[in-house]
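> Everything below, folded, please.
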Amino acid sequence: MPLTINQKESIANFIPAYLNYIASQEYADDVQDKENRIVVYGELLSAAGISRMTELEFGQVVSSLWSYAMWGNKGFLVDDLLRDNPLEQLKPKLHKLLWGNETLVERYNNFRNSCNYNRIAIICSS
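Here you go, the predicted structure:
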């Protein structure tokens, strides 16, 4: 379906703001942040990384999720999650969620159903 004239005009009106953004320090910072996240998540959430994960690293992953952005005391939330789901019990579940052989839907549902506490849903939704 082709774009309407109004849609094309809206896009054209947005282009100057976008060009300003990609020339800004904010854009450079956003790109660097994204690249850093890829490295961190790639290491921490690899199959081997999950098995070595510490509580501090788990907290680093959880506190950087967008669904936790509004929370000021992320440490409290991480501690709360780990109280209800000890890390040594959570690691195999997380491994199965990310690296299991079942369908994504099955892995997701199994993870949510096998973990305690409502805040675990926030992890799943990020």
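> make it CA atoms for all contacts and neighbour counts henceforth
OK.
> Quick check: can you list the domain ranges of the chain?
Domains of the chain are assigned by automatic domain parsing as 1-44, 54-126.
> Can you say which of those domains is packed in most?
domain 54-126 (a mean of 15; mean count of other C-alpha atoms under 10 Å).
> pLDDT averaged over that domain, what's the number?
Averaged over domain 54-126, pLDDT sits at 83.
> Kindly state the distance between the middle of that domain and the middle of its chain.
10 Å (C-alpha atoms, centre = their mean, to the nearest Å).
> Same question for stretch 9-19.
29 Å.
> now it: mean pLDDT?
96.
> mind saving the C-alpha coords of it as CSV?
C-alpha atoms of stretch 9-19 as CSV (Å, rounded to 0.1, in the frame of the first residue of the first chain):
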residue,chain,number,x,y,z
GLU,A,9,4.5,15.3,4.2
SER,A,10,4.7,14.1,7.8
ILE,A,11,7.8,12.2,7.0
ALA,A,12,9.3,15.1,5.1
ASN,A,13,8.6,17.4,8.1
PHE,A,14,10.4,15.0,10.4
ILE,A,15,13.6,14.8,8.4
PRO,A,16,15.2,18.1,9.6
ALA,A,17,14.7,17.1,13.2
TYR,A,18,16.2,13.7,12.5
LEU,A,19,19.2,15.1,10.7
